[in-house]
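S.K.: return a 3D structure for these sequence lines:
(2 chains)
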There are 2 protein chains.
Amino acid sequence: MINKIGTHLKDIETPELIIDLDILESNVNTVSKAYKDSHLKMRAHTKNLKSPYLARKQVEAGGSNGGVCTAKVSEAEVMLEGGFDNILIANQVVSDDKIERLCSLAKFADMKVGIDNIDNLNNLSKFAIKHNVVLGVLVEINTSMFRCGVRSSEHAVELAKHAVELEGIDFKGVMSHQSIKGLPTEDERWKVGEGYLEICLESKRAIEEAGIDVEIVSTGETFTFDIALKYPEITEIQGGTYALMDLNYPYMPFDIAVKVFSTIIDIEDDKITIDAGNKCIAAPNNATPLIEGVKSELVEMGLDYSIHKISDNKKYNIGDKVYLLTTHEDGLINRWDKFVGIRKEIVEGSWDILGRGCHH
Amino acid sequence: MINKIGTHLKDIETPELIIDLDILESNVNTVSKAYKDSHLKMRAHTKNLKSPYLARKQVEAGGSNGGVCTAKVSEAEVMLEGGFDNILIANQVVSDDKIERLCSLAKFADMKVGIDNIDNLNNLSKFAIKHNVVLGVLVEINTSMFRCGVRSSEHAVELAKHAVELEGIDFKGVMSHQSIKGLPTEDERWKVGEGYLEICLESKRAIEEAGIDVEIVSTGETFTFDIALKYPEITEIQGGTYALMDLNYPYMPFDIAVKVFSTIIDIEDDKITIDAGNKCIAAPNNATPLIEGVKSELVEMGLDYSIHKISDNKKYNIGDKVYLLTTHEDGLINRWDKFVGIRKEIVEGSWDILGRGCHH
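M.R.: Presented below is the predicted three-dimensional model:
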């Protein structure tokens, strides 16, 4: 490995997963400034970052509640090992083997999990009693994705009522997750964002009207981090993408910090072939990568190379280096064991991505 | 981890990368029977397998020359560590940093590499002299893919003539790699396969006519493993996919040994959602996965789940287990750190996939 500390970018071996530390710090500072004096705090979502080190960067910047989200039990195990003791699995945990692992974690950390089904809730209680732990639960509210979450506030109330009666279960509140497609105008973004947040709050209010306290409203994401400030009832935002960013959010006040640094290995007319393919970056269907700084289009993607058509008049030579950008940060980071942190084109460090490859 | 030795499949935690050892052994035995008394031997291509353990299974079955292929220097490093000392990088190694690593390997193993460019060949010689090693070279012949390889036998002769003059370089012969699309009939397969092999042999003969010995003709792959037996001049086949197989070769005498074992986590009408997505399997564009044993169609693929439409009348329950099959074994195996070997539905062992994630 020649990518050691102090090496200049022009000398590093490629392909390499690069994080520009100046950009990362600027992104996390944008959020910490917005949340510093607010009721609203960030709960870093780590399904994107997959790294306790990077999650700590978010927390240490300020404006955070000190907790993290994960999508899976295996990711929660990595975050507990990385020093976090307040973890929300922003998803359902349904199979017995994984519920048992969740209970093991609850011996060492404040563990919370999403629920949208009464049988699953009963099962969580059964295993919590068996292991003598308490599991925090948040009713997940479907706002748009129709993947998980209750479809009505009546169902949310029913689950909350049941949760407060169950041994081993601590009812904490509600959560939701959503996404926005394409490149919305500022007006569209606010309208769509407010709509999603209000669906979540509708269930929160219905639960309170049924006489049950709601301590946590955990919702939002990168595209609503500022919109949520409008709602005093929202207690935390599940922000993931904002720290490292990808091509999906050019309209937000964040820059792309994570890139694949790659060498041009072949040139034919207006096409360049680089040494980064599907093994380095999520595949085209959910992440069509682009070369940074020029108009480029993906022509072909192999496992270890990709071909890009350059439509600017930029001329390249074999051996030149380029940055590849992605539309899907989560998939990108999952392809790598380590990232190299750079500042002003000099390697500042290399860190293991401990949450990579968590399948369970 | 509950996927320990002796566990029945029904009790293992999912998703899991499974290799059916009976099927694997049947596949490698098919090749070893065909090559046992032949001039033609197998050189296991390990860009698919990524595992010295699995490569050894191929070699130990018989009909092998004891060597392996890799696609990259980093994969060759893994195979040397795994006990192989006869390695062909069936690709070009072009950048200075990787040529230096190739030379380091050549101190411990018989290293061979593909060439298709005179500047690259000169550079290989320069570094071989610097490190006091000898690098074997094979001229790569383009037969159909127009990715690497010389486009004419004249160019092949030119490179061979130059190679035999160079210090630090041992000219070994020629190589080619090719693929076949779709589901050819037996006649089409033979016609296309013979055509590709003959393009490679044309360069081999031209080099010999120029008075240069050709020791190795390394060509073919799973779809020509039997066709190549017709040509006494071919010395070895670069066979990769045949050992574990994928959905691309139903017309060949091999079965699929590698699968993702997965749990159904949601059912809606004729659609099942399973706990295996892009983090487990190469993405749809180059590997549309299918559920084994029924007519199925991919509807949606997330990082940690996928939705499949079942068009048979098969009824499932949440918690049922299914096998997911892939069209791209290379991409699939690269997603996993380990595989679980099973025999008659019982876990027989779990092995690290040492070549996973080799980016360099």
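
S.K.: tell me the contacts of the closest residue to A:E348 other than its chain neighbours?
M.R.: For A:E348, ignoring the flanking residues on the chain, the nearest one in space by CB to CB, 6 or more residues apart in numbering or on different chains is A:G341 at 4.8 Å. C-beta here means a position set from N, CA and C on the backbone, and glycine is covered the same way. Residues counted as contacts of A:G341 (CB atoms under 8 Å, 6 or more residues apart in numbering or on different chains) are A:I18, A:I19, A:L21, A:V347, A:E348, A:G349, A:S350, A:W351.

S.K.: if I look at A:G341, how far off is chain B?
M.R.: In this view, A:G341 and chain B are 17 Å apart by CB to the nearest CB, to the nearest Å.

S.K.: tell me what that residue is bridged to.
M.R.: On the basis of DSSP bridges, A:G341 is bridged to A:I19, A:G349.

S.K.: quick one, phi/psi of A:N122?
M.R.: phi -60, psi -40 (degrees, to the nearest 10).

S.K.: quick one: it and A:L166 touch, right?
M.R.: Yes - between A:N122 and A:L166 there is a contact under CB atoms under 8 Å: 7.3 Å.

S.K.: more neighbours: which of those two?
M.R.: A:L166 (18 against 12; other CB atoms under 10 Å in any protein chain shown).

S.K.: find the nearest non-adjacent residue to that one, please.
M.R.: Sequence neighbours aside, A:S125 is the residue nearest to A:L166 in space, at 4.1 Å (criterion: CB to CB, 6+ apart).

S.K.: what does A:H45 give?
M.R.: Using CB to CB, 6+ apart and skipping residues adjacent in sequence, the residue nearest A:H45 is A:G240, 3.4 Å away.

S.K.: tell me how far the longest helix seen in chain A is from the chain's mean position?
M.R.: Using DSSP state H, we find that the single longest helix of chain A is helix A:186-209. On the basis of CA atoms, centre = their mean, to the nearest Å, helix A:186-209 sits 21 Å off its chain's mean C-alpha point.

S.K.: how about stretch A:3-11?
M.R.: Worked out by CA atoms, centre = their mean, stretch A:3-11 lies 28 Å from the chain centre.

S.K.: just the buried positions in that stretch, please.
M.R.: For stretch A:3-11, burial by neighbour count (16 or more other CB atoms under 10 Å in any protein chain shown) applies to A:N3, A:T7, A:L9.

S.K.: what's the answer for stretch A:132-141, then?
M.R.: Those buried within stretch A:132-141 under the rule 16+ other CB under 10 Å are A:V133, A:V134, A:L135, A:G136, A:V137, A:L138, A:V139, A:E140, A:I141.

S.K.: and the residue lying farthest from the centre of chain A, how far from B:T185?
M.R.: The centre of chain A is farthest from one residue, A:D269, which by CA atoms, centre = their mean lies 38.6 Å away. Distance of A:D269 to B:T185, given as CB to CB, to the nearest Å: 36 Å.

S.K.: what do you get for A:S64?
M.R.: As for A:S64, its distance to B:T185 is 63 Å (criterion: CB to CB).

S.K.: between the two, who's got more neighbours?
M.R.: A direct count of neighbours by other CB under 10 Å for A:S64 and B:T185 places A:S64 higher, at 23 against 9.

S.K.: up against chain B, what does the stretch 101-250 of chain A have?
M.R.: For the stretch 101-250 of chain A, the residues in contact with chain B (CB under 8 Å from any CB of the partner chain) are A:R147.

S.K.: for chain B, what's its nearest residue on the stretch 101-250 of chain A.
M.R.: A:R147 (8.0 Å; CB to the nearest CB).

S.K.: surely that residue is in a helix?
M.R.: No - under the criterion used here (DSSP: H, G, I helix; E, B strand; the rest coil), A:R147 is coil, not part of a helix.

S.K.: circling back to that earlier point, tell me which two of the buried residues of stretch A:132-141 sit farthest apart.
M.R.: For those, the maximum inter-member distance is 25.4 Å, found between A:V133 and A:I141 (CB to CB).

S.K.: kindly format the C-alpha coordinates of the strand with the most length in chain A as CSV.
M.R.: Across chain A, the longest stretch assigned as strand under DSSP state E is strand A:258-268. The C-alpha coordinates for strand A:258-268 follow below in CSV (Å, rounded to 0.1, in the frame of the first residue of the first chain):
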residue,chain,number,x,y,z
VAL,A,258,-16.9,10.9,-1.0
LYS,A,259,-15.5,9.9,-4.4
VAL,A,260,-13.7,7.1,-6.2
PHE,A,261,-10.2,8.3,-7.3
SER,A,262,-9.4,6.4,-10.5
THR,A,263,-6.8,6.2,-13.3
ILE,A,264,-7.5,6.4,-17.0
ILE,A,265,-6.2,3.1,-18.5
ASP,A,266,-7.5,3.5,-22.1
ILE,A,267,-8.7,6.2,-24.4
GLU,A,268,-10.6,5.8,-27.7
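
S.K.: all set now, cheers.
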